[in-house]
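Enquirer: no sequence for this one, just the structure:
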């Protein structure tokens, strides 16, 4: 994942767009959540996921000493 795509996914609209692009026929990933479940998430859950992802990206790029 490139830094540009990470920034896009940290915004609710970018994350929603990425979820819409998921194929439902793919096997489960390491998190065990099927793509069909992600596609049915309400907007509030997607916004919360984007906030959590943004916080994780900050921790990854700016680790504490």
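Expert: Okay, I see it. As the structure is a computational prediction, the values presented were derived from the model and not from experiment.
Enquirer: Name the next helix or strand following the lowest-mean-pLDDT helix or strand in the chain along the chain.
Expert: Here the helix or strand of the chain ranked lowest by mean pLDDT, DSSP states H and E is helix 3-9, holding a mean of 58. Per DSSP states H and E, the first helix or strand lying C-terminal to helix 3-9 is helix 12-20.
Enquirer: ok, residues contacting the next helix or strand after that following helix?
Expert: Remark: after helix 12-20, the chain's next helix or strand is helix 35-39, criterion DSSP H and E. Contact partners of helix 35-39, identified using C-beta atoms under 8 Å, 6 or more residues apart in numbering, comprise 19-20, 22-24, 26. For every residue, glycine as well, the C-beta is placed using N, CA and C.
Enquirer: try 7 Å this time
Expert: Defining contact as C-beta atoms under 7 Å, 6 or more residues apart in numbering, one finds that helix 35-39 is touched by 19, 22-24, 26.
Enquirer: List buried residues within those.
Expert: Among the contacts of helix 35-39, those scoring as buried are residue 19 (criterion: 16 or more other C-beta atoms under 10 Å).
Enquirer: Out of the contacts of helix 35-39, which is nearest to residue 49?
Expert: Ranked by distance to residue 49 (C-beta to C-beta), these are led by residue 19 at 8.9 Å.
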